[in-house]
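Engineer: here is a sequence together with a model predicted from it:
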Amino acid sequence: MVKVTLPDGTKKDFEDNITIGEVASNINSKIKEGALAGRADGVLVDLNYPIKDDISLSVITEGTQEGLEILRHSTAHIMAQAVCRLFPGVKLGIGPTIDNGFYYDFDCSHHFTTEDLKKIEDEMSEIIKENLCFERTEVSRDYAVKEMEKSGQPYKVELIKDIEDDTVSFYRQDEFVDLCRGPHIQKTSKVKAFKLLSVAGAYWRGKETNPMLQRIYGTAFFTNEELKLYLKMLEEAEKRDHRKIGKDLDLFSFHEDGGAGLTFWHPKGARMRSIIEDFWRQEHFKRGYDILYSPHIAKINLWKTSGHWDFYRESMYSPIDVDGHEYILKPMNCPFAVLMYKTKLRSYRDLPLRWGELGTVYRYERSGVLHGLLRVRGFTQDDAHIFCTPDQLEKEILNVIELAQFMLSSFGFNEYEIELSVRGKGEKEKYIGKDDVWDHAENSLKIALDKLGLKYVRMEGEAKFYGPAIDIKVKDAIGRGWQGPTIQVDFNLPERFDVNYVGSDGYHHRVVMIHRTVMGAMERFVGCLIEHYAGDFPLWIAPIQIRILSITDAQIEYAKKLQTQLLLKNFRVECDTGSNKIGYKIREGTLQKIPYLLIVGNKEMQEGLVAVRSRKNGDEGVLPVQDFISRVEEEVREKK
RNA sequence: GCUGCUGUAGCUCAGUGGUGGAGCACGUCCUUGGUAAGGACGAGGUCAUGGGUUCAAAUCCCAUCAGCAGCUCCA
């Protein structure tokens, strides 16, 4: 007899070698129906796993995250089987589950096309219909290597050789065998809703020097409804694409003649950006920051002193010759702030110095990584450098986090994940700076997070060589994550530039430098905002807030007068006094996602009214001009 | 940078080894209308760039530039 302990604490006795599946059927009909695999003493196993000793067991069922992952993993195997059937001789890479789906890598002389994906899907449906069993076998590692060599699977051989256990497991469906830890669903017919999504190149084991394989991405769900919902979500994400919206709303462009990754901000995009920057500056001034402006290029020597020339060269543009001296386009703003700090002797009484800078930097990014506004080669960081004493560090970090939270919530980002990157254990040579200084800095970051009651993940070994950091990942309106604020303590630059302050003891002490952004970069932030709001910006950010539409030519003068009146109140207003019908003008204004369309005909003109059509509510009827102004002023104030 | 795909009017996209098309946008005119597209006419292109194959190339081949999906890397 074996004793099985279930998650709710109940213990039951069963005969030896009873399988997980049989135990599951014994619990209740719901679990029996939905059982996919089990977790036996913490280890994932198949349903037909025989129980030999007393264990604690939880049954993994459909509708759970773990269940979904197993389903997707099995679907990946089915896909690989289909590919092997259709393209004999294909070599298999790996086929794991990922967020939202799975992929499998193949080495195949034939290049997969979208038509191939359809064929593969059809073959998969065939395999599902055949209702094949996933059978697990365990063999010795040496035997496995020989088998895989025999069947011409060099990547599998490599994988097996890297496994430390003496035995390895395989899963077989009919003619298809794959190295796999498992667990899997029992029969292929469990797969009810799947779709292959795309194919793209991927390096074997993610290494650039390795051969490139073809990766097919797909996804699977327990029901067709869930699959449809997911595909709809993908469509929704596509609709929010900032590159498309940016074009439609005339915000920015890129040019072959300008250069890849170099943004051209059109009037409306530039207007948005300047609104954000004005807001940024005001909020910084309120919090005791000053702002700086620094040059775009500097002599190469500065970059040698800072260490960028040695450690960051691959991201920097080549030197520019100026009268026989070499200058470099700046990839970062920090050395400039340091130079300005060092223009005089600073006392501890002067600290902290909080110096912000909307600094435009240029970095060489490999051509394949460029992506709209989100990854560019020239961008403006909302940078700041805080020079402080070690004692002030914690308070400064706290202030920065609060500022970051304030900025994010102002733009409608209310959910985020926080990472604390600290140095790894036992690799001291990787990091500059003394242990006690690191301890102090890491501690200050931690205490600041704790004081604010923020949850965070501690990332061991993720710190840069020059100091620990806090990274904030924000979630947008449809749940996607974006790199947001970063707060970085820097031990490197104060050291390299010998940056000091005079303490109360009259001696010089090394200053502590914090490097931070609260939005990241203007380009990326605006790109992210576009996708977050799907181009439907809140009134205070919208590049055009109001458009006045005349019904006939008789109201042109009234419309212009209204426009002037609103412009004087600091609103961003356009007039559409063309000869199109009102329905047409409304359509145009709506497609441009303008928050307020004011329709003026003779009725409104005679009584000093406007007919308000808001983006949120449509036709709202007429209002006296003054009432409308109060309303939108309020809306701007509240950043709704 | 790598793998694959793509580049035709301002935009979205048809198209074919033999004198380049549509819809929308744009311009002019008619129309002056009441909450998501009124009508007519017109202008617009070295078919990304540079080579090659061919009697003939926008079409086929190569290179370059740029874009897209990923890999790798980052604000």
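Structural biologist: That came in fine, so what should we check first?

Engineer: I'd like the distance between A:I594 and RNA strand B.
Structural biologist: Note on A:I594: its distance to RNA strand B, by Cβ to the nearest atom of the strand, to the nearest Å, is 11 Å. The way it works is simple: take the backbone N, C-alpha and C, and place the C-beta from them, glycine included.

Engineer: meant to ask about A:F252
Structural biologist: Distance of A:F252 to RNA strand B, computed by Cβ to the nearest atom of the strand: 12 Å.

Engineer: test my guess that that residue contacts A:M272.
Structural biologist: No: between A:F252 and A:M272 there is no contact under Cβ atoms under 8 Å: 9.5 Å.

Engineer: joint contacts of those two?
Structural biologist: With contacts taken as Cβ atoms under 8 Å, 6 or more residues apart in numbering, A:F252 and A:M272 have no neighbour in common.

Engineer: state the pLDDT value of the residue of the stretch 301-450 of chain A found nearest RNA strand B.
Structural biologist: Here the stretch 301-450 of chain A gets closest to RNA strand B at one residue, A:G368, 1.9 Å apart by Cβ to the nearest atom of the strand. The per-residue pLDDT reported for A:G368 equals 90.

Engineer: quick one: contacts for it?
Structural biologist: Neighbours of A:G368 in contact, by Cβ under 8 Å, 6+ apart: none.

Engineer: from A:C108, how far off is it?
Structural biologist: Distance of A:G368 to A:C108, given as Cβ to Cβ, to the nearest Å: 22 Å.

Engineer: surely the residue of the stretch 301-450 of chain A closest to RNA strand B is in a strand?
Structural biologist: No: using DSSP: H, G, I helix; E, B strand; the rest coil, the assignment for A:G368 is helix, not a strand.

Engineer: for it, give its distance to A:G261.
Structural biologist: Counting by Cβ to Cβ, the separation of A:G368 from A:G261 is 11 Å.

Engineer: quick one, helices of the stretch 351-500 of chain A?
Structural biologist: A:393-410, A:435-451, A:492-496 (DSSP state H, counting those that start in this stretch).

Engineer: output the ones you listed as TSV; include the columns mean pLDDT.
Structural biologist: Output for the helices of the stretch 351-500 of chain A, formatted as TSV (pLDDT from 0 to 100):
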stretch	mean pLDDT
helix A:393-410	94
helix A:435-451	90
helix A:492-496	91
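
Engineer: closest to A:W309 out of these?
Structural biologist: helix A:492-496 (11.4 Å; Cβ to Cβ).

Engineer: and whatever helix or strand comes next after the closest one, average pLDDT?
Structural biologist: Counting by DSSP states H and E, the next helix or strand C-terminal to helix A:492-496 is strand A:500-502. For strand A:500-502, the mean pLDDT works out to 97.

Engineer: pull out the buried positions in strand A:500-502.
Structural biologist: A:500-501 (16 or more other Cβ atoms under 10 Å).

Engineer: and the most centrally placed residue in chain A, what are its bridge partners?
Structural biologist: In chain A, the centroid-proximal residue (Cα atoms, centre = their mean) is A:W482; its distance is 3.1 Å. Beta bridges link A:W482 to A:V474, judged by DSSP bridges.

Engineer: enumerate every residue touching it.
Structural biologist: A:473-476, A:528.

Engineer: same deal with A:E635?
Structural biologist: A:539-540 are the contacts of A:E635 under Cβ under 8 Å, 6+ apart.

Engineer: mind pulling up the pLDDT for the closest residue to A:F252 other than its chain neighbours?
Structural biologist: Nearest in space to A:F252, with sequence neighbours left out and distances taken as Cβ to Cβ, 6 or more residues apart in numbering, is A:G269 at 4.3 Å. At A:G269, the model reports a pLDDT of 96.

Engineer: how far away is A:G269 from A:K603?
Structural biologist: 36 Å.

Engineer: what's the burial count for the nearest residue in space to A:Q545 that is not next to it in sequence?
Structural biologist: What sits nearest to A:Q545 in space, not counting adjacent residues and going by Cβ to Cβ, 6+ apart, is A:R572, at 4.7 Å. Residues within reach of A:R572, counting by other Cβ atoms under 10 Å, total 19.

Engineer: next, the contact list for A:R572, please.
Structural biologist: A:271, A:542-546.

Engineer: rerun that using 10 Å as the cut-off
Structural biologist: Each residue near A:R572 by Cβ atoms under 10 Å, 6 or more residues apart in numbering is listed here: A:268, A:271-272, A:275, A:539, A:542-547, A:566, A:594-595.

Engineer: so between A:G269 and A:K603, which is more surrounded?
Structural biologist: A:G269 (22 against 13).

Engineer: got the buried residues for the longest helix along chain A?
Structural biologist: Using DSSP state H to define each element, chain A has its longest helix at helix A:65-86. With burial defined by 16+ other Cβ under 10 Å, the residues of helix A:65-86 counted as buried are A:67-86.

Engineer: now do the helices in the stretch 201-350 of chain A.
Structural biologist: Under DSSP H, counting those that start in this stretch, the stretch 201-350 of chain A gives helices at A:224-239, A:242-248, A:267-286, A:300-306, A:308-311, A:334-341.

Engineer: as JSON lines, those helices with distance to A:K52 would be great.
Structural biologist: Listed next are the helices of the stretch 201-350 of chain A as JSON lines, based on distance: least, Cβ to Cβ, whole Å:
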{"stretch": "helix A:224-239", "distance to A:K52": "36"}
{"stretch": "helix A:242-248", "distance to A:K52": "56"}
{"stretch": "helix A:267-286", "distance to A:K52": "64"}
{"stretch": "helix A:300-306", "distance to A:K52": "63"}
{"stretch": "helix A:308-311", "distance to A:K52": "55"}
{"stretch": "helix A:334-341", "distance to A:K52": "61"}
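
Engineer: how about these, which one is nearest RNA strand B?
Structural biologist: Per Cβ to the nearest atom of the strand, nearest to RNA strand B of those: helix A:242-248, 5.1 Å.

Engineer: what's the closest one packed up against?
Structural biologist: The contact analysis (3 or more Cβ pairs under 10 Å, 6 or more residues apart in numbering; DSSP states H and E) places helix A:242-248 against strand A:252-253, helix A:522-533.

Engineer: mind listing what's buried in that helix?
Structural biologist: Those would be A:242-243, A:245-246, for helix A:242-248 by 16+ other Cβ under 10 Å.

Engineer: likewise for stretch A:153-160?
Structural biologist: Buried residues in stretch A:153-160, counted by 16+ other Cβ under 10 Å: A:153, A:155-157, A:159-160.

Engineer: and which of these is nearest RNA strand B?
Structural biologist: For the buried residues of stretch A:153-160, the nearest to RNA strand B is A:Y155 (14.3 Å; Cβ to the nearest atom of the strand).

Engineer: was I right to think the closest one contacts A:G95?
Structural biologist: No: counting by Cβ atoms under 10 Å, A:Y155 stays clear of A:G95, with 11.0 Å between them.

Engineer: which residues sit in contact with the residue nearest to A:T19 when sequence neighbours are not counted?
Structural biologist: Distances taken as Cβ to Cβ, 6+ apart place A:N48 nearest to A:T19, at 4.9 Å, with adjacent residues excluded. Applying Cβ under 10 Å, 6+ apart, we find A:N48 in contact with A:19-22, A:37-38, A:133-136, A:183, A:186.

Engineer: for RNA strand B, tell me which of the buried residues of helix A:242-248 show up nearby.
Structural biologist: Among the buried residues of helix A:242-248, proximity to RNA strand B is found for A:R243 (Cβ under 7 Å from any atom of the strand).

Engineer: can I get the buried residues of helix A:242-248 in CSV including pLDDT and distance to A:G618?
Structural biologist: As requested, the buried residues of helix A:242-248 are exported to CSV (pLDDT from 0 to 100; distance: Cβ to Cβ, whole Å):
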residue, pLDDT, distance to A:G618
A:H242, 95, 26
A:R243, 95, 29
A:I245, 95, 21
A:G246, 95, 26
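
Engineer: out of the buried residues of helix A:242-248, which two sit at the greatest distance?
Structural biologist: Among the buried residues of helix A:242-248, the pair separated by the greatest distance (Cβ to Cβ) is A:R243 and A:I245, at 7.5 Å.
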